[in-house]
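[1] model this:
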Amino acid sequence: MAGVLHFPSPNAFRPLPKPVKLSRRITFRVSAEIQETSSSSSSSVSTKEEEKLGFSGSSPTISPPPDFKPPQPKRFSVRPDKTFDIFTASLALPFRLGTGVFALGYSVSSVSEDEIPPGEYALKISGLTFKETSKLGPRPEKLIEIYEFESCPFCRKVREIVSILDLDVVFYPCPRNGPNFRPKVSQMGGKQQFPYMVDPNTGVAMYESDAIIKYLVEKYGDGTTPLMLSLGLLTTLTAGFAMIGRMGKGSIYTPSILPPRPLELWAYEGSPFCKIVREVLVELELPHILYATARGSPKRQILYAKAGHFQAPYLEDPNTGVNMFESAEIIDYLRATYVLPADQPS
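    This next block holds a predicted model:
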């Protein structure tokens, strides 16, 4: 698979965290704030867009597990073997005070069920119906690209603002020992540091989580950094504490098949169910497009119309044609489909 990105010479990236304009062009095989020294489908994305991202849609051929059938979605249920995972992933909510759960300008109002037209998504709890809305900033035309990994607190901060701003992002996972995307960050930016963002809409590329957050809120938000992302060291500490229960999940590479096309995930940062799926996507180094669906996101209605139901996470795999809800089963599917057998070379 080959992709094209614009990037400057390494010297052009200094000093950071000022935004950097991408200028030179290279073609590379897609194999791409903690600095490290070592080291048929219903897809929503068109083939042309995938080619721009560096995905060719060519071999290898990937098939779902034999006799695989996506499960029926079940509301507010946890598979018994995932109870501990969901509990520990939920610890992030009090530490981060729900940052990443609500889209920018979120508001909610109680309405009569008769006010909701058929086929329109609304939150329903205990017989009550609520209409959720948000006030979003300008929308990028092209997918923003972010290189990161799940267990990094600096990366978490950037994922939170992605959910708040309701952005669609292609994530290139960079777990430790990952052979594909982690080395590309060094090539593009001159150092192996995460997160690293490329915005093809403006030609800007940059390191430094706080700088990325400032850039995104100014370009695609209302110019104001949310409180829980503006507290400096306290923000970083609480982002780190939020991950204590997960004990490094989503940080170490598991040998896997690199898919011809990016997977697509409807999710948001504040959800513990979404988090345990994201951990596996990162460990398997599976590039994926994330459609942010925090509370108030208009994409909740899009998914509701698309799948006849809203629930996050929701996975679409254009490589196999599988579309499915249910976090525990998504994890099983990803491992069964993409993990390399121990006797097969990566």
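
[2] helices and strands of the protein: which one bottoms out on pLDDT?
    Ranking every helix and strand in the chain by mean pLDDT, DSSP states H and E puts strand 24-29 at the bottom, with a mean of 30.

[3] Tell me the bridge partners for the spatially most central residue of the chain.
    In the chain, the C-alpha nearest the mean C-alpha coordinate belongs to residue 290, at 4.3 Å (C-alpha atoms, centre = their mean). According to DSSP bridges, the partner residues bridging residue 290 are residue 169, residue 265.

[4] Contact partners for it?
    162, 168, 169, 170, 171, 265, 266, 267 (C-beta atoms under 8 Å, 6 or more residues apart in numbering). Every residue, glycine included, has its C-beta placed from N, CA and C.

[5] helix/strand/coil for the first one?
    Okay, so that is residue 162. Classification of residue 162 using DSSP: H, G, I helix; E, B strand; the rest coil returns helix.

[6] pretty sure it contacts residue 169?
    Yes: when contacts are counted by C-beta atoms under 8 Å, residue 162 is listed as touching residue 169 (5.4 Å).

[7] Quick check: neighbours shared by those two?
    Joint contacts of residue 162 and residue 169 (C-beta under 8 Å, 6+ apart) are 144, 146, 290, 292.

[8] Out of those, flag the one nearest to residue 110.
    Using C-beta to C-beta, residue 292 is the member of these that lies nearest residue 110, at 25.0 Å.

[9] Please determine how far that closest one is located from residue 67.
    33 Å (C-beta to C-beta, to the nearest Å).

[10] before we move on, back to that, so residue 162 and residue 169 - more neighbours on which side?
    Between residue 162 and residue 169, counted using other C-beta atoms under 10 Å, the more crowded position is residue 162 (26 against 23).

[11] Contacts only, for the more buried one.
    Counting by C-beta under 8 Å, 6+ apart, residue 162 has contacts 144, 146, 169, 216, 269, 290, 292.

[12] Surely the fifth one is in contact with residue 155?
    Okay, so that is residue 269. No: here residue 269 lies out of contact with residue 155, judged by C-beta under 8 Å, at a distance of 10.4 Å.

[13] give me the low-pLDDT residue ranges for this structure?
    Confidence mapping of the chain against pLDDT under 70 gives the ranges 1-44, 46-60, 343-346.

[14] Show me where it has its helices.
    47-53, 83-90, 92-96, 153-164, 182-189, 209-220, 233-241, 272-283, 299-307, 327-338 (DSSP state H).

[15] Next, format these as CSV and append distance to residue 126.
    Output for the helices of the chain, formatted as CSV (distance: least, C-beta to C-beta, whole Å):
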stretch, distance to residue 126
helix 47-53, 41
helix 83-90, 21
helix 92-96, 21
helix 153-164, 26
helix 182-189, 46
helix 209-220, 35
helix 233-241, 31
helix 272-283, 21
helix 299-307, 19
helix 327-338, 24
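
[16] List just the one of the ones you listed that sits closest to residue 115.
    helix 299-307 (14.8 Å).

[17] Tally up the residues packed near the closest residue to residue 259 other than its chain neighbours, please.
    Among residues not flanking residue 259 along the chain, residue 319 sits closest, at 4.7 Å (C-beta to C-beta, 6 or more residues apart in numbering). Residue 319: 23 surrounding residues under other C-beta under 10 Å.

[18] Could you verify my assumption that residue 319 touches residue 62?
    Yes: in this structure, residue 319 is within contact of residue 62 by C-beta under 8 Å, at 4.4 Å.

[19] Quickly list what's touching both of these two.
    259, 260.

[20] ok, now how distant is the residue lying farthest from the centre of the chain from residue 67?
    Distance from the centre of the chain peaks at residue 114, with 35.1 Å (C-alpha atoms, centre = their mean). Using C-beta to C-beta, residue 114 is found at 43 Å from residue 67.

[21] Check residue 314 too.
    With C-beta to C-beta as the criterion, residue 314 and residue 67 are 22 Å apart.

[22] And residue 324, by the same measure?
    15 Å.

[23] So if I had to pick from those two, which one is more boxed in?
    residue 324 (21 against 5).

[24] OK, contacts around the more buried one?
    70, 71, 314, 315, 330, 333 are the contacts of residue 324 under C-beta under 8 Å, 6+ apart.

[25] Residue 109 now?
    130, 131.

[26] how near is it to residue 130?
    Distance from residue 109 to residue 130, by C-beta to C-beta: 7 Å.

[27] cool, residue 223 as well?
    29 Å.

[28] higher neighbour count, the two?
    residue 130 (14 against 9).

[29] give the contact list for the more buried one.
    Counting by C-beta under 8 Å, 6+ apart, the residues that residue 130 touches are 108, 109, 110, 111, 122, 123, 124.

[30] Isn't the fourth one up against residue 132?
    No: counting by C-beta under 8 Å, residue 132 is not a contact partner of residue 111; they are 10.4 Å apart.

[31] And those two? Which one has more around it.
    Neighbours were tallied for residue 111 and for residue 132 using other C-beta under 10 Å; the higher tally belongs to residue 132 (20 against 13).

[32] Many thanks, we can stop here.
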